[in-house]
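Asks: next one to model:
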Amino acid sequence: MAARIEHLVTSGTFSLDGGTWDVDNNVWIVGDDSEAVVIDAAHDAEAVAKALGGRRLVAVVSTHAHDDHVGAAPALAERTGAPVLLHPDDLPLWRQTHPDRAPDGELADGQRIPVAGVELTVLHTPGHAPGAVCLYAPELNTVFTGDTLFQGGPGATGRSFSDFPTIVESIRTKLLTLPPETVVRTGHGDTTTIGAEAPHLQEWIDRGH
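Replies: Numbering: from 1, shown residues only. You can find the predicted model right below:
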């Protein structure tokens with residue numbers, strides 16, 4: 001059975017710097033009928049576990065450690081025995097949500113995560129958060145961008161641990177170099193493509209978000 005991409009939307013809150021907002025998050029499941037990887041265990045471990053069914057969970061991969069993206073990660077790991085993986089630069093953010101439970105493993109730029117006959121390549125894309133990563137799956141013509149790149153531009157950089165010039169450089173060097181037909185599956189909202197977003201790089205820089 002070939003690898004496929006499944007999509008789940010979970011709802012909850014995002015809190016940082018003293019504010020709290022209601023958010024809907026995209027949870028992505030990459031796998032086949034026997035095994036899968038979850039990208040961003042957001043809000044609801046039970047809903048994600050239900051979507052997995054009886055499949056073996058290879059890993060819970062966190063694109064970054066904002067609480068809306070990692071809130072359900074420990075609970076999902078506990079249910080499935082899968083490791084939670086996070087880039088170490090995001091540990092300060094992780095500890096704000098889970099002070100008593102560390103991630104199980106680290107993500108590094110260029111690392112490959114095999115699942116169901118395909119590979120997810122880790123691209124370190126700091127800016128929205130220091131340890132933000134994207135996951136590129138060329139066999140699936142897809143990059144999972146978390147909150148680094150959305151339909152319409154870069155992720156937010158107005159809060160702690162974020163930086164606008166850094167996110168623009170990450171997008172320019174790590175994402176816009178991918179084939180233009182690559183589908184961009186984001187942490188919130190609608191899917192886009194690299195080709196649709198690439199022409200707007202200078203606009204984002206001029207706008208300064």
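Asks: what about the residue nearest to residue 130 when sequence neighbours are not counted, which SS state?
Replies: Closest residue to residue 130 apart from its sequence neighbours, by CB to CB, 6 or more residues apart in numbering: residue 89 at 4.0 Å. To be clear about C-beta, it is placed using only N, CA and C from the backbone, and glycine gets the same treatment. Secondary structure, DSSP: H, G, I helix; E, B strand; the rest coil: residue 89 is helix.
Asks: tell me where this structure has helices.
Replies: Shown for the chain, the helices assigned by DSSP state H span residues 45-52, 67-70, 73-80, 91-97, 164-170, 194-197, 201-207.
Asks: for the fourth one, packing partners?
Replies: So the one you mean is helix 91-97. Here helix 91-97 touches helix 67-70, going by 3 or more CB pairs under 8 Å, 6 or more residues apart in numbering; DSSP states H and E.
Asks: give me the helices and strands touching the helix it packs on, please.
Replies: Against helix 67-70 (3+ CB pairs under 8 Å, 6+ apart) you get strand 4-16, strand 19-31, helix 91-97.
Asks: please convert those to JSON lines, extending it with mean pLDDT, distance to residue 155 and mean neighbour count.
Replies: JSON lines is the format used below for these (pLDDT from 0 to 100; distance: least, CB to CB, whole Å; neighbours: other CB atoms under 10 Å):
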{"stretch": "strand 4-16", "mean pLDDT": "98", "distance to residue 155": "12", "mean neighbour count": "16"}
{"stretch": "strand 19-31", "mean pLDDT": "98", "distance to residue 155": "13", "mean neighbour count": "18"}
{"stretch": "helix 91-97", "mean pLDDT": "98", "distance to residue 155": "14", "mean neighbour count": "18"}
